[in-house]
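1. pasted the sequence and its predicted model underneath.
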Amino acid sequence: MNFHGLPKTQKMKTLFKKMLTQPIKSMVAPGLPIVLSFFLLISSSCHNSDHDRRCDECECLANRYQQTNLVSDTNSFTGTIIDPNLVNAWGIAIGPTGAFWISSNNAGKSVIYNNSGNTLLPPVSIPSPTPNVPGAPTGVVYNSTSSFRGTKFIFATEDGTIVSWTSGTMGVIQADRSSTSAVYKGLAIARDNGNDYIYATNFRSGAIDVFDSAFHYVTGRAFTDPNIPAGFAPFNIRNIEGQLYVTYAKQKPDKHDDLAGHGNGFVDVYRPDGSFIRRFATQGTLNSPWGITPGCSGFDNNRSVILISNFGDGRINAYNRNGDYLGQLKNGNTPITIRGIWAIESNIPNAPNKIYFTAGPFDEAHGLFGYLHRF
């Protein structure tokens with residue numbers, strides 16, 4: 001059997017056809033190496049091309065995920081710690097000690113837990129531009145740079161502000177764009193040309209607002225994809241290895257909140273200077289996508305998978321780095337569904353086999369923090 005010059009996949013097909021049409025002994029006796037070659041070809045093909053990397057990536061989709069709830073503000077979720085400060089749990093940032101800083105959107109606070117859901121510090125109040133009125137925090141990032149006036153955590157808010165925290169129990173408004181009716185849903189930090197910047201998704205204007213290391217508003221960064229239909233706006237943003245992944249959701253008429261629906265979503269990749277790199281994902285199973293995380297639970301820190309969670313239907317989509325859709329995380333044949341899911345975080349240093357999540361179930365009236373793990 002001559003295989004020289006054939007592509008690897010063609011070799012496999014030819015071998016398999018011969019195995020089906022001829023007795024095994026006719027191949028084994030004169031050509032044991034051929035049979036061995038068949039299995040070697042299968043094995044090597046799973047690792048030697050981007051397309052066949054799915055042989056690894058599909059491990060992420062082994063249908064063995066189980067949900068564990070840790071904290072909620074209501075006893076509707078069995079076994080959770082009750083924390084009345086956790087209402088519409090939104091963004092997650094992980095500090096250097098492994099603490100989870102979570103935006104509690106409808107409580108106007110950030111709550112701080114360990115990976116078991118135990119409270120580590122008193123809640124931090126997030127102010128709004130209106131005195132004595134709580135803010136509405138959404139995305140949050142840990143500031144590992146020396147920029148941004150030495151602040152440790154930075155929050156975006158639906159009030160159109162950027163809020164920092166350094167110490168104590170009160171955040172500080174560092175940038176206020178409320179006069180322009182800005183509504184910030186997501187937040188990222190990235191470095192461009194030697195300088196650090198904040199990137200906030202302005203859902204109302206449909207733009208990404210940029211701030212320099214002193215929290216000054218910066219203009220001139222396009223972040224434009226002309227092929228996204230009118231009525232979609234940046235929903236969340238995340239820095240993954242120096243590139244900015246941006247999710248888009250469909251706006252309701254007031255342009256404050258999203259309109260859920262199957263296919264209501266896009267994902268783009270940009271450079272920190274605002275230039276467009278490529279479309280990553282288009283509609284399909286996207287449904288108001290917000291959460292973005294690289295890697296997969298229990299997957300040896302494999303970061304070739306990008307997980308994107310749908311706020312619209314509570315499901316979690318998996319893609320490879322090329323943007324090829326791999327499927328949704330499941331328990332058996334049933335997709336994992338976490339109503340009102342916002343953030344997802346994988347590859348946590350002190351909890352490598354878990355995907356942590358936040359959610360605002362019951363139409364954002366309550367909060368939930370927990371994790372998924374493979375079993």
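-> That came in fine, so what should we check first?
2. could you use CA atoms for every contact and neighbour count after this?
-> OK.
3. neighbours of residue 195, how many?
-> Residues lying near residue 195 (other Cα atoms under 10 Å) number 10.
4. ok, now residue 76?
-> 9.
5. host element of it?
-> Using DSSP states H and E, residue 76 maps to neither a helix nor a strand.
6. now do the buried residues in stretch 129-137.
-> 129, 134-137 (16 or more other Cα atoms under 10 Å).
7. that one: how far from the chain's middle?
-> The chain centroid and the centroid of stretch 129-137 are separated by 27 Å under Cα atoms, centre = their mean, to the nearest Å.
8. again, but for stretch 67-80
-> The answer for stretch 67-80 is 22 Å, by Cα atoms, centre = their mean.
9. what's the average pLDDT for it?
-> Across stretch 67-80, pLDDT averages out at 95.
10. which secondary structure state does residue 363 sit in?
-> helix (DSSP: H, G, I helix; E, B strand; the rest coil).
11. roughly how far apart are it and residue 373?
-> Using Cα to Cα, to the nearest Å, residue 363 is found at 25 Å from residue 373.
12. ok, the two, which is more surrounded?
-> residue 373 (17 against 11).
13. quick one: that one is in a strand?
-> Yes. Under three-state DSSP, residue 373 falls within a strand.
14. wait, it touches residue 354, no?
-> Yes. Between residue 373 and residue 354 there is a contact at 4.8 Å, judged by Cα atoms under 8 Å.
15. tell me where the stretch 1-150 of the chain has strands.
-> Applying DSSP state E, counting those that start in this stretch to the stretch 1-150 of the chain gives strands spanning 65-72, 81-82, 89-94, 100-104, 109-113, 119-125, 137-142.
16. residue 314 - how many residues pack around it?
-> Using other Cα under 10 Å: residue 314 sits among 21 other residues.
17. and it, what does it touch?
-> 336-341 (Cα atoms under 8 Å, 6 or more residues apart in numbering).
18. which two from these end up farthest apart in space?
-> 336 and 340 (12.4 Å; Cα to Cα).
19. so residue 197 bridges to which residues?
-> residue 190 (DSSP bridges).
20. okay, it: pLDDT?
-> Looking at residue 197, the pLDDT reads 99.
21. just residue 304 next, same as before
-> 82.
22. I figured it hits residue 320, correct?
-> Yes. Using Cα under 8 Å, residue 304 makes contact with residue 320 at a distance of 5.8 Å.
23. do you know how far the nearest residue to residue 368 once chain neighbours are set aside is from residue 102?
-> Closest residue to residue 368 apart from its sequence neighbours, by Cα to Cα, 6 or more residues apart in numbering: residue 72 at 4.6 Å. Distance, residue 72 to residue 102, by Cα to Cα: 12 Å.
24. show me what contacts the most centrally placed residue in the chain?
-> Geometric centre of the chain, nearest residue: residue 292, 1.1 Å, by Cα atoms, centre = their mean. Residue 292 is in contact with 237-238, 306-309, 343-345, counting by Cα under 8 Å, 6+ apart.
25. which of the residues you listed fall in strands?
-> Among these, the ones falling in strands (DSSP state E) are 237-238, 306-309, 343-345.
26. mind putting these into TSV with distance to residue 158?
-> Putting the ones in strands among the contacts of residue 292 into TSV (distance: Cα to Cα, whole Å) gives the following:
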residue	distance to residue 158
237	15
238	18
306	26
307	24
308	21
309	20
343	16
344	20
345	22
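27. mean confidence for stretch 239-255?
-> 98.
28. rewinding a little: what strand or helix carries the residue nearest to the centre of the chain?
-> Per DSSP H and E: strand 289-294 holds residue 292.
29. neighbouring strands of that strand in the sheet, and parallel or not?
-> In the sheet, strand 289-294 lines up with strand 305-310 (antiparallel) (DSSP bridges).
30. ok, and what's touching the strand it pairs with?
-> So strand 305-310 is in contact with 57, 60, 286-296, 315-321, 341-344, going by Cα under 8 Å, 6+ apart.
31. pull the CA atoms of it into PDB?
-> Extracted C-alpha coordinates of strand 305-310, given in PDB (Å, rounded to 0.1, in the frame of the first residue of the first chain):
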ATOM      1  CA  VAL A 305     -10.000  27.700  24.300                       C
ATOM      2  CA  ILE A 306     -12.000  30.900  24.800                       C
ATOM      3  CA  LEU A 307     -15.200  30.600  26.900                       C
ATOM      4  CA  ILE A 308     -17.900  33.200  26.400                       C
ATOM      5  CA  SER A 309     -21.000  33.300  28.600                       C
ATOM      6  CA  ASN A 310     -24.400  34.500  27.500                       C
END
